[in-house]
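In: Could you look at this predicted model? Sequence included:
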Amino acid sequence: MNYYDLIFYLFAAVTILSALMVVTNRNIVHSAFYLLFTFFGVAGLYVLLAADFIAIVQLIVYVGGILILLLFGVMLTNKITNVEIRTGTINLVPAVIGVGLLAGALLAAVINAPWKINNIEQAVPTTNILGTLLLQEYLLIFELLGIVLLIALIGAASIARK
Amino acid sequence: MTVGLTHFLVVSTLLFSMGLYAIITRKNAILVLMGVELILNSANINFVAFSRFGNFGYSGHLVALFVIVLAAAEAAIALAIVLNIYKNLSTVNVDEIDNLRD
């Protein structure tokens, strides 16, 4: 077992265990903080997949942006003066059965599928390549995403301040 | 057994299942949003893993980037809606918000 495998299992364990804590913890703030570790673990998996730029974007956007937004949501929709920031669950038994069956089926499909693996080339820095692709092949999608973000910004502001 | 495509796919499958579980079972709307974020992350792992092990160039990376951008937009809009719901109904529990039901 080399270092790559060891680090993969470390990040996979961090991701899966903290995601499990996110979905089972009864305290919302604790769930949000465990989500932080899940995002860090996923960023580590991106690094192991030779996607350095995606990993950094994951850290900046998810940890720096979305998680802070979710924490603000928790703060603004619960009475902070209450010590209890807790939440209940519904549909527990059907959810466990259904999700368990679905997960089992998906895992069986993923593990038994005869994936055709190309020979893996050496990992190279991807920022340059992605920038070139964004401004050539994917230029239209890039511009449309800018418009989507602008509309989302205006929409969120106008929904939240009424 | 060295780490390959299947390992990453197993991790993303587990992440997807847990996100789905959070969406189904959680009462608080913000925790439902966290489940959505988990599912988007698992999809992103799949895109990047197939981009690494398949013969697709760097398209998977770009799709993952687009998904991250859309996730940011989605989180902003959804939280604005949740804040409005809290202002109007003073609860964010999805099982209590049934005003449209007769």
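Out: Nice, I can see it.

In: Show me which residues of the worst-scoring helix or strand of chain A on mean pLDDT are buried.
Out: Sorting the helices and strands of chain A by mean pLDDT, DSSP states H and E puts helix A:67-77 at the bottom, at a mean of 87. For helix A:67-77, burial by neighbour count (16 or more other Cβ atoms under 10 Å in any protein chain shown) applies to A:L67, A:L69, A:L70, A:L71, A:G73, A:V74, A:L76, A:T77. Every residue, glycine included, has its C-beta placed from N, CA and C.

In: check contacts around the last one.
Out: Taking Cβ atoms under 8 Å, 6 or more residues apart in numbering or on different chains as the contact definition, A:T77 lies against B:A29, B:I30, B:V82, B:L83, B:Y86, B:V92.

In: Strands of chain B, start to end?
Out: Using DSSP state E, no strands are found in chain B.

In: which stretches of it have low pLDDT?
Out: B:1, B:102 (pLDDT under 70).

In: Which residue ranges of it form helices?
Out: Here chain B has its helices, by DSSP state H, at B:5-25, B:29-53, B:59-89.

In: cool, and chain A?
Out: Using DSSP H, helices in chain A cover A:3-24, A:28-48, A:52-57, A:67-77, A:92-112, A:127-135, A:139-161.

In: Worst mean pLDDT among those?
Out: Ranked by mean pLDDT, the helices of chain A bottom out at helix A:67-77, with a mean of 87.

In: tell me the most buried of the helices of chain A?
Out: Mean neighbour count (mean count of other Cβ atoms under 10 Å in any protein chain shown) peaks for helix A:28-48 among these, with a mean of 21.

In: by how many degrees do it and helix B:5-25 diverge?
Out: In terms of direction (axes from the mean of the first three to the mean of the last three Cα atoms, to 10 degrees), helix A:28-48 departs from helix B:5-25 by 160 degrees.

In: And for B:F47, the neighbour number?
Out: 23 (other Cβ atoms under 10 Å in any protein chain shown).

In: I'd say it and B:A64 touch.
Out: Yes. B:F47 is within contact range of B:A64, at 4.6 Å (criterion: Cβ atoms under 8 Å).

In: For A:N91, give me its contacts.
Out: So A:N91 contacts B:I24, B:T25 (Cβ under 8 Å, 6+ apart).

In: Also B:L70?
Out: Taking Cβ under 8 Å, 6+ apart as the test, what B:L70 contacts is A:L145, A:V148.

In: Which parts of chain A belong to which domain?
Out: Under the assignment automatic domain parsing, the domains of chain A span A:1-81, A:125-162.

In: and these as CSV, adding distance to A:K116?
Out: Below are the domains of chain A laid out as CSV (distance: least, Cβ to Cβ, whole Å):
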stretch, distance to A:K116
domain A:1-81, 17
domain A:125-162, 23
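
In: ok, now how distant is the spatially most central residue of chain A from B:T13?
Out: Nearest to the geometric centre of chain A sits A:F39, at 5.3 Å (Cα atoms, centre = their mean). According to Cβ to Cβ, to the nearest Å, A:F39 and B:T13 sit 18 Å apart.

In: Got phi/psi on A:N25?
Out: phi -70, psi 140 (degrees, to the nearest 10).

In: Could you measure from it over to chain B?
Out: Separation of A:N25 from chain B (Cβ to the nearest Cβ, to the nearest Å): 9 Å.

In: Name the nearest residue to that residue, ignoring sequence neighbours.
Out: A:S31 (4.8 Å; Cβ to Cβ, 6 or more residues apart in numbering or on different chains).

In: before we move on, what about B:L40?
Out: Nearest in space to B:L40, with sequence neighbours left out and distances taken as Cβ to Cβ, 6+ apart, is B:A71 at 4.8 Å.
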